[in-house]
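Peer 1: next comes the sequence, and after it the predicted model I'd like to discuss.
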Amino acid sequence: MQASAEQEFKGARAPDETVARAYKFADLSCYPFKKRFLIRAADLAFFLLIKFIGRTIRWQVEGWENWQAATRDSQVPIYTFWHNRVFLSTYFWQKRRIVVMTSQSFDGEYIARFIQRFGYGAARGSSTRGAVGAIIEMTRLMRAGLSTAFTIDGPKGPRYVAKMGAVLLAKKTGQPVLPFTITAQPFWEAKRSWDGFQVPLPFSRARVDIAPPIYVSADTNDDGLEAKRDELQAALEGINAHGKVWAGQ
């Protein structure tokens, strides 16, 4: 299994082609007409909504020195955050050429398209579909000098439970995992979605909390990987709690 994955990593696509693919809209010909229309409509609607509301937000940032530490000496961080914070995260980190893992699904496709409009790349895959391929793709992209990002409890939860993808990518690349969260006040919450997706109201306040980077050595065994995942979980829970206190929640 490991050998075949390594062979796939060394496969046909050159680095420039891999990078170009991440920033290019995917072909929608495999979808029926109705789904192609809905993907394009949702893509544009979210892009315009995020752009409009994002411009009205009053920002506060805590832990910027942790971002500086994670990007020092040409490091490229692996950003990790909760799925329900996609809205403001997309706006805050825009135009940094960060590549985000998106699922190979209807929902994943319109998300991939609107984040690409903000200057992100998309690596198709998820914890349930195409995960190995997406990790290989993200490894290639990081070796080409690009940062990456995970909605670490996605694509379908459980909510606020960190999965292993970012830790595995850190082991493969030697790059730091950088946990962050964004807390908006006030915001609208999608009660029926698995993640409680949050959309800030126009002119909301928003606090960005960035935790210290987490490093994973190349020789880390399975128990060590689980311990690093637990460390990531604790870091995300900690900054989430700070945001709640700030917001008076």
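Peer 2: Great, that's in hand. Numbering: from 1, shown residues only.

Peer 1: so where is the chain shaky, pLDDT-wise?
Peer 2: For the chain, the stretches flagged by pLDDT under 70 are 1-14, 125-131.

Peer 1: strands along that one, start to end?
Peer 2: Here the chain has its strands, by DSSP state E, at 58-62, 78-81, 99-102, 121-124, 148-151, 177-189, 198-210.

Peer 1: looking at the protein, which helix is longest?
Peer 2: helix 222-247 (DSSP state H).

Peer 1: gap between it and the chain center?
Peer 2: 16 Å (CA atoms, centre = their mean, to the nearest Å).

Peer 1: let me know how buried R58 is, in neighbour terms.
Peer 2: 9 (other CB atoms under 10 Å). Using the backbone N, CA and C atoms, a C-beta is placed for each residue, glycine as well.

Peer 1: what about it, distance to I239?
Peer 2: 19 Å (CB to CB, to the nearest Å).

Peer 1: same question, A122
Peer 2: On the measure of CB to CB, A122 and I239 end up 25 Å apart.

Peer 1: same deal with A70?
Peer 2: Separation of A70 from I239 (CB to CB): 14 Å.

Peer 1: ok, the residue lying closest to L236 once chain neighbours are set aside - contacts?
Peer 2: Sequence neighbours aside, P179 is the residue nearest to L236 in space, at 5.0 Å (criterion: CB to CB, 6 or more residues apart in numbering). Counting by CB atoms under 8 Å, 6 or more residues apart in numbering, P179 touches T80, F81, I210, A211, I214, L232, A235, L236, I239.

Peer 1: I'd guessed Q175 sits against I78; true?
Peer 2: Yes: contact criterion CB atoms under 8 Å: Q175 and I78 qualify, at 5.8 Å.

Peer 1: tell me which of the two has more neighbours.
Peer 2: Neighbour count, other CB under 10 Å: between Q175 and I78, I78 has more, with 28 against 23.

Peer 1: contacting residues for that one?
Peer 2: Counted by CB under 8 Å, 6+ apart, I78 has contacts 142, 147-150, 166, 169-170, 173, 175-178.

Peer 1: okay if I get the strands of the chain as JSON lines plus distance to V245?
Peer 2: Below are these laid out as JSON lines (distance: least, CB to CB, whole Å):
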{"stretch": "strand 58-62", "distance to V245": "11"}
{"stretch": "strand 78-81", "distance to V245": "18"}
{"stretch": "strand 99-102", "distance to V245": "28"}
{"stretch": "strand 121-124", "distance to V245": "34"}
{"stretch": "strand 148-151", "distance to V245": "23"}
{"stretch": "strand 177-189", "distance to V245": "9"}
{"stretch": "strand 198-210", "distance to V245": "10"}
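
Peer 1: so which of the ones you listed comes closest to P32?
Peer 2: Of all the strands of the chain, strand 121-124 sits nearest to P32, with 19.2 Å by CB to CB.

Peer 1: show me which residues of stretch 166-180 are buried.
Peer 2: 166-173, 175-180 (16 or more other CB atoms under 10 Å).

Peer 1: touching stretch 220-229 from outside, list them.
Peer 2: A162, K163, M164, V167, L168, A170, K171, V177, I214, V216.

Peer 1: ok, back up a step: quick one: which of the contacts of P179 has the most company?
Peer 2: So for the contacts of P179 (other CB under 10 Å), the most neighbours sit at T80, 28 neighbours.

Peer 1: so what sits against both of Q175 and I78?
Peer 2: M142, L169.
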